[in-house]
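Student: Okay, predicted coordinates and the sequence, questions at the end:
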Amino acid sequence: MNSARIILASVVALGLVAGAAWAGPVANDAAKSIPATTTSHVTAKAPAHAKLAAKTPAMPRVDLNSATREDLLKLPGMDEAIADKIIAARPFKSRGELRSKNLVSGVEYAKLREHVIAKATTVAASSK
């Protein structure tokens, strides 16, 4: 019976030690000076539209069919060789053709796909 109590006491003590380790660092003097009315442990949730805005690119999308070399070089993960390949492979029907034509790797495409579009090119009407 005594050995069971010792084991139980050991488990409880280990639980307390582990719980203290998970509680985080001891508050410093600056944290102690915060008024008791402050709810610093509560985090505000971002509105749904803010989450959507975070996923959309900050810069306007670049058209693969009409962008200049300089415009392409401003894109994330873009280098001169890729920009030259894109210009040489025009026109594009979709941005997915960057992968299907093996112009960029999967990793490079993941960086680019949100920043590019492929507008349909217009064919000059023949005059009669």
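Tutor: Great, that's in hand.
Student: Strands of this protein, residue ranges please.
Tutor: Using DSSP state E, the strands of the chain run over 62-63, 116-117.
Student: now those strands in CSV, with distance to residue 78?
Tutor: (Glycine included, C-beta is placed from N, CA and C.) Shown next, in CSV, are those (distance: least, CB to CB, whole Å):
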stretch, distance to residue 78
strand 62-63, 9
strand 116-117, 10
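Student: Those: which one's closest to residue 5?
Tutor: When the strands of the chain are compared by CB to CB, strand 116-117 sits nearest residue 5, at 69.4 Å.
Student: one step back: any chance of the strands of the chain in a markdown table, plus distance to residue 95 and mean pLDDT?
Tutor: Listed next are these as a markdown table, based on distance: least, CB to CB, whole Å; pLDDT from 0 to 100:
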| stretch | distance to residue 95 | mean pLDDT |
| --- | --- | --- |
| strand 62-63 | 10 | 96 |
| strand 116-117 | 5 | 96 |
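Student: Serialize these to a markdown table and add fields for mean neighbour count.
Tutor: Output for these, formatted as a markdown table (neighbours: other CB atoms under 10 Å):
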| stretch | mean neighbour count |
| --- | --- |
| strand 62-63 | 18 |
| strand 116-117 | 18 |
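Student: out of those strands, which comes closest to residue 107?
Tutor: So among the strands of the chain, strand 116-117 is nearest, using CB to CB, at 15.2 Å.
Student: For that closest one, name the packing helices and strands.
Tutor: Strand 116-117 sits against strand 62-63, with contacts defined as 3 or more CB pairs under 8 Å, 6 or more residues apart in numbering; DSSP states H and E.
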